[in-house]
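> I'd like to go over a predicted model; first the sequence, then the structure.
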Amino acid sequence: RAHAGSSFGRHGFVVAITGIENVGKGLIRDGTGFVTFPVKYQCVVFRPFKGEVLEAVVTMMGFFAEAGPVQIFVSNHLIPDDMEFQSGDMPNYTTSDGSVKIQKDSEVRLKIIGTRVDATEIFCIGTIKDDFLGVINDPTTA
């Protein structure tokens with residue numbers, strides 16, 4: 001059942017299957033026309049870890065960002081102190097001088113500071129409150 005985008009929790013998300021090592025004997029599933037085959041394969045996985053710096057796209061204010069299949073939450077406490085939340089038609093965080101804005105679809109560089117893994121998903125907490133982190137692409141200026 002593995003395919004690109006599958007998640008195996010603690011192992012990560014399957015990005016691509018790179019090779020098939022072995023295909024076992026098929027097992028006919030009762031009452032259906034389906035056959036299940038055990039397959040041993042090699043693959044590339046994406047698994048974020050604590051302390052990793054990566055690039056992600058802002059999806060919601062508060063804010064959530066996505067790096068591929070992983071959703072990362074950045075709380076108000078993990079956003080630089082000079083950024084203030086602005087409500088309105090396009091909610092955003094803006095610096096006091098208006099030079100930097102974070103809104104939906106902004107691309108940010110963030111650092112993973114915590115992860116939680118269950119059987120099928122990986123949840124991450126990130127920060128942009130550190131040197132060399134923050135907005136890397138503002139969709140309003142593109």
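Alright, I've got the coordinates.
> Tell me the secondary structure at residue 31.
For residue 31, the assignment made with DSSP: H, G, I helix; E, B strand; the rest coil gives coil.
> Parallel or antiparallel, which strands does the helix or strand bottoming out on mean pLDDT in the chain pair with?
In the chain, no helix or strand scores lower on mean pLDDT, DSSP states H and E than strand 53-60, which sits at a mean of 75. Strand 53-60 pairs in its sheet with strand 64-67 (antiparallel), strand 107-117 (antiparallel), by DSSP bridges.
> From the chain's centroid, how far away is it?
Strand 53-60 has its C-alpha centroid displaced from the chain centroid by 7 Å (CA atoms, centre = their mean, to the nearest Å).
> again with stretch 13-24
On CA atoms, centre = their mean, the centre of stretch 13-24 falls 22 Å from the chain's centre.
> in it, what's buried?
Within stretch 13-24, the residues scored as buried using 16 or more other CB atoms under 10 Å are 13, 14. The C-beta positions use only the backbone N, C-alpha and C, and glycine is treated the same way.
> any idea of the mean pLDDT for it?
Stretch 13-24 shows a mean pLDDT of 88 in the predicted model.
> Read off the pLDDT value for the residue lying closest to residue 24 once chain neighbours are set aside.
Setting aside the residues directly before and after it, residue 24 is nearest to residue 38 in space (CB to CB, 6 or more residues apart in numbering), at 3.8 Å. You'll see residue 38 listed with a pLDDT of 89.
> Correct me if wrong: residue 38 contacts residue 21.
No - using CB atoms under 8 Å, residue 38 is not in contact with residue 21, being 11.2 Å away.
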